[in-house]
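S.K.: 3D, please:
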Amino acid sequence: SDAFTPGEKARDFAYYEPLTVRDSSLSACVQSVMAAEVGQLDLAYDYLGEAVRMDLDDLEHNTGDGLHIASLAGAWIALVAGFGGMRDRGGSLTFAPRLPEPLTRLTFNVMWRGQRLCVNATRAETTYTLDGGEPVELAHHGRTFTLSAGEPATYPIPAVQPGPRPSQPPGRAPERRLPGTEVCEP
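M.R.: Next up, the predicted model:
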């Protein structure tokens, strides 16, 4: 994830999004993560909805053959790696949380080096809490900090200025899930 700059990622996402047909049940969760990373939070939320509803709405018309367990796990990935911005970068755990308008809070726990870390993000700030054990070094939006048990750390979430929402190939756009963003088809 460090091979490209944020600007390069945003340009690549804008270029490839109109070309990507998402014909796999695992596409929506991965595209949700990338959309969130480049600041396309509304689109990331739409893709999250698709990943979550894969089997509930039988989107691939094959739920009779069984559940898409990987897509269900992908919903967790879209939330934690996408909106939570969690990455393991060379053995260091980093976070860059950003929430779309419908989500007011995202809280998740991860075991990191045998210790339970709680991440509690709102649209304005994120609080990190360590349950016990030795201090751990983490990063929040590129800012490295040391988290100790019993000493929660809270940091603001920086604003992001995404470019225009990219389009998708005809008939391949995810369902709009934000109020007031319905698309009328001719």
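
S.K.: Report the helix or strand with the lowest average pLDDT across this protein.
M.R.: The weakest-scoring helix or strand in the chain, judged by mean pLDDT, DSSP states H and E, is helix 69-77 (a mean of 85).

S.K.: Just list what that one packs against, helices and strands only.
M.R.: Contacting helix 69-77 under the criterion 3 or more C-beta pairs under 8 Å, 6 or more residues apart in numbering; DSSP states H and E are the following elements: helix 27-37, helix 41-52. C-beta: built from backbone N, CA, C; applies to glycine.

S.K.: Can you say which of these is nearest to residue 157?
M.R.: helix 41-52 (11.3 Å; C-beta to C-beta).

S.K.: Save the helices and strands packed on helix 69-77 as a markdown table, and put in mean pLDDT and distance to residue 90 too.
M.R.: Below are those laid out as a markdown table (pLDDT from 0 to 100; distance: least, C-beta to C-beta, whole Å):
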| stretch | mean pLDDT | distance to residue 90 |
| --- | --- | --- |
| helix 27-37 | 94 | 18 |
| helix 41-52 | 92 | 25 |
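
S.K.: would you turn those into CSV with mean neighbour count and distance to residue 173?
M.R.: What follows is the helices and strands packed on helix 69-77, written out as CSV (neighbours: other C-beta atoms under 10 Å; distance: least, C-beta to C-beta, whole Å):
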stretch, mean neighbour count, distance to residue 173
helix 27-37, 24, 11
helix 41-52, 25, 8
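
S.K.: Tell me which of these sits nearest to residue 113.
M.R.: Taking the helices and strands packed on helix 69-77 one by one with C-beta to C-beta, helix 27-37 is closest: 23.3 Å.

S.K.: any residues touching the closest one, and which ones?
M.R.: Outside of helix 27-37, the residues within contact range by C-beta atoms under 8 Å, 6 or more residues apart in numbering are 6, 9, 13, 17, 20, 22, 41, 43-45, 47-48, 50-51, 54, 71, 74-75, 77-78, 81-83, 85, 96, 98, 174.

S.K.: and the end-to-end length of stretch 169-177?
M.R.: From its first residue to its last, stretch 169-177 covers 18 Å (C-alpha to C-alpha, to the nearest Å).

S.K.: on that earlier part again, please identify the buried residues of the least confident helix or strand of the chain?
M.R.: For helix 69-77, the neighbour count (16 or more other C-beta atoms under 10 Å) marks 71, 74, 75, 77 as buried.

S.K.: ok, now stretch 15-26?
M.R.: For stretch 15-26, the neighbour count (16+ other C-beta under 10 Å) marks 17, 22, 25, 26 as buried.

S.K.: Now pLDDT too, for these, in a markdown table please.
M.R.: Compiled in a markdown table, these are given as follows (pLDDT from 0 to 100):
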| residue | pLDDT |
| --- | --- |
| 17 | 92 |
| 22 | 76 |
| 25 | 73 |
| 26 | 80 |
